[in-house]
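Enquirer: Sequence first, predicted model second:
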Amino acid sequence: MRILVIEDEPKLGDYLRKGLSESGFAVDLARDGIEGRALALAGDHELLVLDVMLPGIDGFAVLQAVRAQHAMPVLMLTARDEVSDRVRGLQSGADDYLAKPFAFSELLARIQALLRRGPLREVVHYGLKDLELDLISRKATRAGRRLDLTAKEFALLAQLMRRQGQILSRTQLAEQVWGMNFDSETNIVEVAIRRLRSKMDDPFGEKLLHTVRGMGYVLESRRDEDL
């Protein structure tokens with residue numbers, strides 16, 4: 001069984017590779033986010049051990065890319081045992097979280113528990129009324145018409161579709177789509193929402209992307225509420 005470890009600390013990365021290899025796993029080790037993302041997207045691993053703080057791109061960005069294509073279990077590692085980090089990781093698709101420093105025996109037990117769950121069934125196709133989103137083909141359509149979305153617009157729509165009916169704040173969207181701490185002075189979320197609306201809502205009769213004043217945005221059908 002093959003495991004991918006993405007860890008930039010040389011001693012810890014070597015330690016994990018040695019320990020997991022001695023435990024019977026085939027282990028690939030990447031030392032930065034860019035290399036790790038490429039290996040993860042190749043789809044040759046049964047489980048990913050992913051550090052949060054990485055050079056190149058961070059662990060959250062790697063996780064976002066992996067979850068767009070694969071359903072393998074992901075165990076995230078962090079030196080910061082903060083609730084916000086754990087929540088962000090789990091909401092983005094991580095299956096478990098382990099704070100540094102940790103005992104190797106606990107890491108191994110968590111890996112074995114994740115692998116015992118068997119193959120994960122990740123939802124790769126979402127639908128709402130006549131809006132369809134396919135994460136594998138990276139295609140979004142409305143009423144059978146393909147939507148010409150940029151990479152960020154697609155990622156934004158994917159977050160909204162995964163949690164349709166839930167209000168997502170600008171802070172949540174900034175973190176999940178752009179991997180950034182929200183700055184109240186920037187209007188990056190509003191601009192992206194406006195552009196997404198112009199493509200997926202404006203040409204059609206029923207509007208699906210709604211602004212909830214003072215709270216954020218929600219993707220849902222409201223037509224049934226008026227019947």
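Expert: Now that the structure is in, tell me what you want to look at.
Enquirer: Just confirm I136 contacts A71, I think it does.
Expert: No. Using C-beta atoms under 8 Å, I136 makes no contact with A71, being 10.9 Å away. C-betas here are computed from N, CA, C, even on glycine.
Enquirer: The two: who's more crowded?
Expert: More crowded of I136 and A71, by other C-beta atoms under 10 Å: A71, with 15 against 11.
Enquirer: Can you tell me the element the more buried one falls in?
Expert: Taking DSSP states H and E as the definition, one finds A71 inside no helix or strand.
Enquirer: May I have the predicted confidence score for V49?
Expert: We note a pLDDT of 97 for V49 in this prediction.
Enquirer: what do you get for D14?
Expert: For D14, the predicted pLDDT is 95.
Enquirer: got it, and G43?
Expert: On pLDDT, G43 comes in at 69.
Enquirer: again, but for E122
Expert: 53.
Enquirer: ok, then the element right after the helix or strand of the chain with the lowest mean pLDDT?
Expert: The least trusted helix or strand in the chain, going by mean pLDDT, DSSP states H and E, turns out to be helix 83-91, with a mean of 69. Counting by DSSP H and E, the next helix or strand C-terminal to helix 83-91 is strand 96-99.
Enquirer: for the record, mean pLDDT for the helix or strand following that next one?
Expert: Once strand 96-99 ends, the next helix or strand along the chain (criterion: DSSP H and E) is helix 104-116. The average pLDDT within helix 104-116 is 92.
Enquirer: Show me what counts as buried in the helix or strand following helix 104-116.
Expert: Downstream of helix 104-116, the first helix or strand assigned by DSSP H and E is strand 125-128. For strand 125-128, the neighbour count (16 or more other C-beta atoms under 10 Å) marks Y126, L128 as buried.
Enquirer: Distance from strand 125-128 to the middle of the chain?
Expert: 17 Å (C-alpha atoms, centre = their mean, to the nearest Å).
Enquirer: try stretch 157-176
Expert: 11 Å.
Enquirer: now stretch 201-214
Expert: 24 Å.
Enquirer: which parts of that stretch are buried?
Expert: D201, L208, L209.
Enquirer: what's the spacing between E175 and A40?
Expert: Plainly put, E175 is 20 Å away from A40 if you go by C-beta to C-beta, to the nearest Å.
Enquirer: How is this protein divided into domains?
Expert: 2-116, 125-226 (automatic domain parsing).
Enquirer: Not counting sequence-adjacent ones, nearest residue to the spatially most central residue of the chain?
Expert: The geometric centre of the chain, computed from its C-alpha atoms, lies nearest to Q64 (C-alpha atoms, centre = their mean), at 3.0 Å. What sits nearest to Q64 in space, not counting adjacent residues and going by C-beta to C-beta, 6 or more residues apart in numbering, is S92, at 6.2 Å.
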